[in-house]
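>>> please find the sequence and the predicted model below.
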Amino acid sequence: MRPGTALSKPLLLIITILICAGFLNYSAQAIWHNELNETFPGDPPDWPWPNWLLSPYPPPSPPYTWGITDYIFGPGSNDQSLWCVGLLSSLDPEFDPYPANTNSWAFWGPIDLTEASTARSSFYYFCLSEPSQDYFAWGVAHNGSFYEAGRTSGYMSDWTYTSYGLDSLEGGTVSVIGEENVWIYFNFVSDYDGQVDLGAFIDNVGFSWDDGFYDFEALSPFLASPDSMQIGGTVADDTIRFGLNWKASGAGVTPLIDIECWLDGNLFYSERRTVNIGLSQMVWLETYTDTWVVTPSEHTVEWMLDAAFEVLESNENNNDTSMTFSANVPPWIEVTRPVDGDSATTEFLIEWEDEDPDDNATITLFYDYDDSGFDGDAIWGAFVIEEDDTTDSFLWDLAQMVDSTYWIYAYITDGVSEMYDYSEGPLVVDRTPPPNAIPGIDLLHPILGDTAVIDFLITWTDEDPDDNAEISLYWDSQNSGFDGELIVSGILEDDTTNSYLWDVTQIPEDSVWVYGEIADDDTSIFAYSDGPLIIIDTPPEITITHPATGDSAESEFTIFWEDDDPDDNAVISLFWDEDDTGFDGTQIVGAEAIEEDDTADSLLWDVSSLPDGAVWVYASIADEDTAVWIYSPGPLIIESTQGIISGFDPLTTPVEFTLKSVYPNPFNSSTQILIGLPHPDLVSVRVYDSMGRLSDELMAGWLPAGYHQVTWSPRDLPSGIYLIELTAPEGSQRAKVVFLK
């Protein structure tokens with residue numbers, strides 16, 4: 001079939017079906033509309049993709065047509081291309097040639113070009129075929145006719161790129177611009193003989209069309225220096241210009257348009273111009289305003305292209321852009337220390353004053369041997385100090401500095417502006433030791449009348465001009481001889497506390513004297529306190545808080561107590577007794593030698609093996625000197641059967657709403673209330689006294705179906721008759737109970 005002739009009936013039928021299915025829908029959103037960029041990246045079994053049509057017509061052609069292969073592929077592709085006989089998948093180009101009498105077609109479309117002013121298709125192809133007799137052709141199909149754009153035959157050595165316009169088909173005699181139902185096609189044909197090869201491959205298929213409009217697109221606004229060089233930031237009082245990167249698309253010379261620049265809501269600059277796009281389809285441009293002196297504030301710059309909307313564009317929504325920036329106020333710094341006369345040996349506090357309205361500056365400190373040039377060395381650890389650090393000081397460690405005279409200077413920068421400042425005077429580092437001076441010490445406490453139980457604060461005054469002395473403290477049974485026992489040593493004389501908290505718990509009860517020794521490299525000085533310290537031994541204490549009157553238990557009970565021992569060296573043991581006299585009871589298992597400083601002050605006691613009845617608990621607390629014994633304030637009532645309610649199975653569900661029992665009744669510490677619910681319900685259990693006043697609310701809330709046991713243990717109520725009331729939506733039930741203290 002020759003170009004320009006009618007399609008065969010089967011092929012016409014397939015195209016007609018696709019036409020009825022609907023055209024590709026393209027909206028005008030730019031000058032050139034790129035509708036297709038096909039590199040055949042998908043899974044071969046899913047081929048053909050949407051909008052592709054394949055045909056091995058007319059019969060009796062072999063049943064092969066264009067299909068996906070990874071045997072060869074075009075430049076920049078994704079490792080796949082389209083082969084003229086790749087479908088059905090029984091042929092492999094690595095081993096198989098195309099069959100004789102092949103006539104395979106691939107179509108993409110349909111395309112609506114009614115709004116197009118021009119359109120182009122492009123692709124890469126590679127062909128190995130019998131010269132002249134077998135060929136690969138491409139072009140456009142429209143309303144049942146083929147218009148060939150090119151063909152090739154024979155043997156190629158590499159991929160070839162080609163493109164064609166849809167306004168110059170058939171040698172420039174045919175155009176489909178302005179038409180709908182347009183298809184691009186690819187066709188491979190072989191004759192009847194057996195001279196065959198690999199055939200044709202295509203890749204990187206593209207299609208785009210031009211809507212014929214102009215388009216002006218505002219890209220990026222920026223700040224520029226007066227010579228139009230782009231800058232990153234601004235400083236107050238700088239002179240700058242505003243710039244805009246933009247582009248114009250289309251062809252030829254555009255009509256006149258207005259370009260406007262607005263600063264903080266006011267028109268700052270405008271110009272009226274045309275753009276010569278020529279044949280390049282798109283040009284990039286820059287526009288600059290007049291100069292402006294920066295003021296300290298936040299500013300907004302807005303640009304508008306074709307501000308009066310005089311030119312009809314393919315996209316009217318990309319003509320404006322804006323930017324917001326803040327003018328930088330330069331930071332400043334003044335080094336206030338050192339000043340003339342400052343000196344140091346080991347460390348020195350450098351001080352300064354600074355300000356940065358933006359709070360984004362950093363400070364670095366340097367030392368120099370003079371006060372000019374700013375060519376010194378950075379001080380270790382004084383790098384990029386935050387300007388908003390409110391200390392405005394840095395403690396300089398001079399350990400690595402030789403004796404000399406140093407000027408300090410500071411460098412402050414916020415990334416846009418910077419400033420240097422030298423100190424008002426130098427710092428003199430001089431470690432020449434002065435002549436040795438004799439140290440001295442005077443004990444202030446203890447004095448006559450001072451006492452201690454656990455610890456005592458020894459205080460003193462000392463002096464050593466060399467600041468190299470150390471202090472040791474001792475205690476002695478007398479105030480002569482300086483032959484006592486060491487309390488502590490190695491206290492630095494320049495420690496400004498001049499005190500030491502002495503733990504006296506290990507010192508025997510007696511009157512003791514304290515003396516101090518201060519010593520430097522050459523001299524040791526001793527001094528006794530003005531009076532003795534009386535050390536008093538305070539015995540430990542313990543009080544049992546539970547069990548108390550009214551306490552009871554079935555299988556276990558928690559014993560509580562309160563204790564105190566200033567020395568923190570006492571131990572506690574617990575016993576149970578049948579009465580509260582004699583301290584002749586039985587040791588409670590696990591309650592031997594409990595540390596007094598154990599913060600729990602409680603013990604869980606297993607009473608399951610004890611007989612029912614009343615038992616008393618007593619405790620002993622003992623330190624090295626004293627033992628104290630004390631009984632509990634009341635007995636513990638052991639009732640192994642308390643709370644056992646007979647006559648019901650807790651796993652069964654009651655058949656009716658019931659307050660089943662209150663046991664024991666009467667009671668003296670706690671009683672168990674058994675209630676039954678046939679279904680989940682909102683219930684409350686309250687206690688009223690004999691006058692009808694609410695005494696206690698034991699529960700209020702949702703409970704599941706079943707039996708539930710509620711415990712009432714009145715603590716602060718008087719003995720008497722009380723009414724238990726169970727309430728639910730079904731109604732209420734009551735029971736009397738007698739409480740005996």
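That came through, no problem. Please read these numbers as outputs of a predicted model, since none were measured by experiment.
>>> I'd guessed residue 194 sits against residue 99; true?
No. The pair residue 194 / residue 99 is not scored as a contact, 9.4 Å apart, by Cβ atoms under 8 Å. Any C-beta I mention is one placed from the backbone N, CA and C, and that applies to glycine too.
>>> ok but residue 633 is inside a strand, no?
No. Read with DSSP: H, G, I helix; E, B strand; the rest coil, residue 633 is coil and lies in no strand.
>>> tell me the phi and psi of it?
phi -70, psi -10 (degrees, to the nearest 10).
>>> for residue 194 and residue 99, indicate the residue with more neighbours.
Set side by side, residue 194 and residue 99 show more neighbours around residue 99, with 17 against 10, by other Cβ atoms under 10 Å.
>>> and the more buried one, how far is that from residue 192?
Here residue 99 is placed at a distance of 10 Å from residue 192 (Cβ to Cβ, to the nearest Å).
>>> mutual contacts of the two, please.
Counting by Cβ atoms under 8 Å, 6 or more residues apart in numbering, residue 99 and residue 192 have no common neighbour.
>>> show me the shaky parts of the chain.
Scanning the chain with the threshold set as pLDDT under 70 gives 1-31, 57-60, 280, 434-436, 639-651.
>>> please parse it into its domains.
According to automatic domain parsing, the chain comprises the domains 9-210, 215-326, 332-429, 440-535, 541-638, 658-739.
>>> dump these into a markdown table; add distance to residue 652 as well.
Formatted as a markdown table, the domains of the chain follow (distance: least, Cβ to Cβ, whole Å):
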| stretch | distance to residue 652 |
| --- | --- |
| domain 9-210 | 65 |
| domain 215-326 | 76 |
| domain 332-429 | 74 |
| domain 440-535 | 63 |
| domain 541-638 | 24 |
| domain 658-739 | 8 |
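>>> so residue 45 sits in a helix?
Yes. Checked against three-state DSSP, residue 45 lies within a helix.
>>> next one: it from residue 68, what distance?
For residue 45, the distance to residue 68 equals 9 Å [Cβ to Cβ].
>>> again, but for residue 295
Distance of residue 295 to residue 68, given as Cβ to Cβ: 64 Å.
>>> neighbour count for those two, which is higher?
Neighbour count, other Cβ under 10 Å: between residue 295 and residue 68, residue 68 has more, with 21 against 11.
>>> that one reaches residue 84, doesn't it?
No. Assessed by Cβ under 8 Å, residue 68 is found out of contact with residue 84, at 11.9 Å.
>>> for this structure, what spans make up the helices?
Counting by DSSP state H, the chain has helices at residues 9-21.
>>> farthest residue from the center of it?
Farthest-out residue of the chain from its mean C-alpha position, per Cα atoms, centre = their mean: residue 193, at 72.3 Å.
>>> my guess is it contacts residue 133. True?
Yes. Counting by Cβ under 8 Å, residue 193 does reach residue 133; the two are 7.3 Å apart.
>>> report how many residues lie close to the closest residue to residue 73 other than its chain neighbours.
Nearest non-adjacent residue to residue 73, counting by Cβ to Cβ, 6 or more residues apart in numbering: residue 81, 4.3 Å away. Neighbours of residue 81 under the rule other Cβ under 10 Å: 26.
>>> who's residue 81 bridged to?
Beta-bridge pairing for residue 81 (DSSP bridges): residue 69.
>>> also residue 561?
Going by DSSP bridges, residue 561 forms beta bridges with residue 544.
>>> residue 53 now?
As for beta bridges, residue 53 partners with residue 107 under DSSP bridges.
>>> if I look at it, how far off is residue 718?
Separation of residue 53 from residue 718 (Cβ to Cβ): 100 Å.
>>> between those two, which one's more packed in?
Taking neighbours as other Cβ under 10 Å, residue 53 and residue 718 compare with residue 53 leading, 20 against 9.
>>> tell me if I'm right that that one and residue 141 touch.
No. With contact defined as Cβ under 8 Å, residue 53 does not count as touching residue 141 (9.7 Å).
>>> please tell me how far stretch 690-697 is from the chain's geometric centre.
The chain centroid and the centroid of stretch 690-697 are separated by 56 Å under Cα atoms, centre = their mean, to the nearest Å.
>>> what residues of it count as buried?
Neighbour counts over stretch 690-697 (16 or more other Cβ atoms under 10 Å) mark 695, 696 as buried.
>>> cool, stretch 174-193 as well?
In terms of neighbour count (16+ other Cβ under 10 Å), stretch 174-193 has its buried residues at 174-177, 179, 181-190.
>>> and that stretch, end to end?
Across its full length, stretch 174-193 reaches 34 Å end to end, with Cα to Cα, to the nearest Å as the criterion.
>>> what about the strands in the stretch 351-500 of the chain?
For the stretch 351-500 of the chain, the strands defined by DSSP state E, counting those that start in this stretch occupy 362-368, 377-378, 385-386, 393-397, 404-413, 418-422, 427-429, 440-445, 450-452, 455-463, 470-476, 485-492, 499-503.
>>> list of residues touching the second one?
Contact with strand 377-378 is made by 364, 365, 366, 367, 368, as judged by Cβ under 8 Å, 6+ apart.
>>> and the fourth one, what is it in contact with?
The reference is to residue 367. Contact analysis of residue 367 by Cβ under 8 Å, 6+ apart lists 376, 377, 379, 401, 406, 407, 408.
>>> what is the nearest of those residues to residue 497?
residue 401 (29.2 Å; Cβ to Cβ).
>>> the closest one contacts residue 431, doesn't it?
No. If you go by Cβ under 8 Å, residue 401 and residue 431 don't touch, sitting 9.8 Å apart.
>>> neighbour count for these two, which is higher?
Using other Cβ under 10 Å, the more surrounded residue of residue 401 and residue 431 is residue 401, with 18 against 11.
>>> next, count neighbours for the residue nearest to the more buried one when sequence neighbours are not counted.
Once flanking residues are discounted, residue 401 sits nearest to residue 429: 5.5 Å by Cβ to Cβ, 6+ apart. With neighbours defined by other Cβ under 10 Å, the count for residue 429 comes to 19.
>>> OK, contacts around residue 429?
By Cβ under 8 Å, 6+ apart, the contact list for residue 429 reads 343, 344, 345, 398, 401, 402, 403, 404, 405, 406.
>>> which of those tops the neighbour count?
For the contacts of residue 429, neighbours were counted using other Cβ under 10 Å, and residue 406 has the most, 25 neighbours in all.
>>> so what's it up against?
When contacts are counted by Cβ under 8 Å, 6+ apart, residue 406 is found next to 367, 368, 369, 426, 427, 429.
>>> which pair in those residues spans the largest distance?
Using Cβ to Cβ, the two most remote members of these are 368 and 429, lying 13.5 Å apart.
>>> contacting residues for the closest residue to residue 158 other than its chain neighbours?
Excluding its sequence neighbours, the residue lying closest to residue 158 (Cβ to Cβ, 6+ apart) is residue 126, at 7.2 Å. Taking Cβ under 8 Å, 6+ apart, we find residue 126 in contact with 72, 74, 156, 158, 159, 160, 200, 201.
>>> then residue 348?
338, 342, 395, 396, 398, 427.
>>> for those, which one is nearest residue 562?
Taking Cβ to Cβ as the measure, residue 395 is the one of the contacts of residue 348 closest to residue 562, at 49.2 Å.
>>> distance-wise, check residue 477 relative to residue 505.
Residue 477 sits 18 Å away from residue 505 when distances are taken as Cβ to Cβ.
>>> tell me which of the two has more neighbours.
Shown here are residue 477 and residue 505; by other Cβ under 10 Å, residue 505 has more neighbours (17 against 14).
>>> in ChimeraX, how would I select just the buried ones from the contacts of residue 348?
Selection of buried members from the contacts of residue 348 for ChimeraX, criterion 16+ other Cβ under 10 Å:
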select :338,342,396,398,427
